[in-house]
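K.L.:
Give me a 3D structure for the following:
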Amino acid sequence: MAAMNENEQGLTRRHTFFCLNRARHTTSERVVEAVPKEITIFGRTVQGWLVTTEQTVIDKVIPLHESLAGGMVLHDPE
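P.N.:
You can find the predicted model right below:
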């Protein structure tokens, strides 16, 4: 990983969701866990997967003078 500024921290964010097609939802992201799960929806039993993925995000501290200056901040990834 490239050297990061002292005001940047690497963080990870986890998402857990239910899906029916495991292959479709586990190819593009970093899968931490995929567990078979059976749920009941409106009285009907559905078999699928409980998938947990992990994404790396960057939390960056933006100085107050940059936030109050207005205009576009060039280093904002969003």
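K.L.:
only C-alpha atoms for contact and neighbour calcs from this point on.
P.N.:
OK.
K.L.:
Any stretches of this protein with poor pLDDT?
P.N.:
Counting by pLDDT under 70, the chain shows low-confidence ranges at 1-10, 28-29, 69-78.
K.L.:
again, only this time at 50
P.N.:
When residues are selected by pLDDT under 50, those of the chain lie in 1-2, 4.
K.L.:
Show me what the strand ranked longest in the chain is packed up against.
P.N.:
Taking DSSP state E as the criterion, the chain has its longest strand at strand 44-60. Secondary-structure packing of strand 44-60 (3 or more Cα pairs under 8 Å, 6 or more residues apart in numbering; DSSP states H and E): strand 8-19, helix 22-25, strand 30-41.
K.L.:
Which of the ones you listed sits closest to residue 65?
P.N.:
Proximity to residue 65 (Cα to Cα) singles out strand 8-19 among the helices and strands packed on strand 44-60, at 17.4 Å.
K.L.:
Residues in contact with that closest one: which ones?
P.N.:
For strand 8-19, the surrounding residues in contact (Cα atoms under 8 Å, 6 or more residues apart in numbering) are 25, 48-61.
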